[in-house]
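Q: When you get a sec, could you give me coordinates for this:
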Amino acid sequence: MFPPDLLVRAAELIVRYRSASLMVATAESCTGGLIAGLLTEIPGSSNVVERGFVVYSNAAKEELLGVPASTLARYGAVSEETARAMAEGALKASRADVAVSVTGVAGPDGGTAAKPVGLVHFACARRGAATVAREERFGAIGRDAVRLASVRVGLDLLEAAAQ
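A: Below is the predicted model of the structure:
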């Protein structure tokens, strides 16, 4: 289901997190749970993956992760502010030590001049550390490609958080 290089990276991440006794939560919108899906492809991931939230709608972001309605109204679902609130909310709503979030416009529709197709915001929160945010503009490379590229960036953030 996933490319071999992603499976290798996920397996290495699971080993690293397990040896550090860290648990992960994911908060995913445009990837629809693909990061959690990738991690749970790895045998033994139950020792590391605490839970995953698929929060496609704004209501789900608010209800499950506590993203303030005012943040969504002011900045929109696809924003650094929302990505940060999603990651921090996933930590609060779970027993995880690290949470990664992703929210973006995968396409082919839904883009605007300000928020074009391929714009994706990420955040990674770790208990006791500052939340890290990242923006990527993948362009109109196709829905599947945007989502897969987003999984790669999510892994980048989880790898960095394990340092």
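
Q: the helices in the chain, which residues?
A: Assigned by DSSP state H, the chain shows helices spanning 4-19, 34-39, 58-65, 69-75, 80-92, 143-161.

Q: Remind me what the shortest one packs against, helices and strands.
A: Packed against helix 34-39, as judged by 3 or more C-beta pairs under 8 Å, 6 or more residues apart in numbering; DSSP states H and E, are the following elements: helix 4-19, strand 24-28, strand 49-54, helix 143-161. C-beta here means a position set from N, CA and C on the backbone, and glycine is covered the same way.

Q: ok, 6 Å please
A: Contacts of helix 34-39 with other secondary structure elements, assessed using 3 or more C-beta pairs under 6 Å, 6 or more residues apart in numbering; DSSP states H and E, are made with helix 4-19, strand 24-28, helix 143-161.

Q: picking up where we left off before, so can I have TSV of the helices of the chain showing mean pLDDT?
A: Written out in TSV, the entries for those read as follows (pLDDT from 0 to 100):
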stretch	mean pLDDT
helix 4-19	98
helix 34-39	98
helix 58-65	98
helix 69-75	98
helix 80-92	98
helix 143-161	98
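
Q: So for residue 100, which of these sits nearest?
A: For the helices of the chain, proximity to residue 100 was assessed by C-beta to C-beta; helix 143-161 is nearest, at 5.0 Å.

Q: other SSEs contacting the closest one?
A: For helix 143-161, the elements it packs on are helix 34-39, strand 98-104, strand 119-126, judged by 3+ C-beta pairs under 6 Å, 6+ apart.

Q: and it, which residues are buried?
A: Neighbour-count burial for helix 143-161 flags 143, 146-151, 153-155, 157-158, 161 (criterion: 16 or more other C-beta atoms under 10 Å).

Q: got the angle between it and strand 98-104?
A: When axes from the mean of the first three to the mean of the last three C-alpha atoms, to 10 degrees is applied, the directions of helix 143-161 and strand 98-104 differ by 150 degrees.

Q: Take helix 143-161, keep the C-alpha atoms, and write them as CSV.
A: Extracted as CSV, the C-alpha positions of helix 143-161 are listed here (Å, rounded to 0.1, in the frame of the first residue of the first chain):
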residue,chain,number,x,y,z
ARG,A,143,-4.5,14.7,-5.0
ASP,A,144,-2.6,11.4,-4.3
ALA,A,145,0.8,13.1,-4.7
VAL,A,146,-0.1,15.9,-2.3
ARG,A,147,-1.3,13.4,0.3
LEU,A,148,1.7,11.2,-0.1
ALA,A,149,4.1,14.2,0.1
SER,A,150,2.3,15.3,3.2
VAL,A,151,2.8,11.8,4.8
ARG,A,152,6.6,12.3,4.1
VAL,A,153,6.6,15.7,5.8
GLY,A,154,4.7,14.3,8.8
LEU,A,155,7.4,11.6,9.2
ASP,A,156,10.1,14.3,8.9
LEU,A,157,8.5,16.1,11.9
LEU,A,158,8.0,13.0,13.9
GLU,A,159,11.7,12.0,13.3
ALA,A,160,12.9,15.5,14.4
ALA,A,161,10.7,15.3,17.5
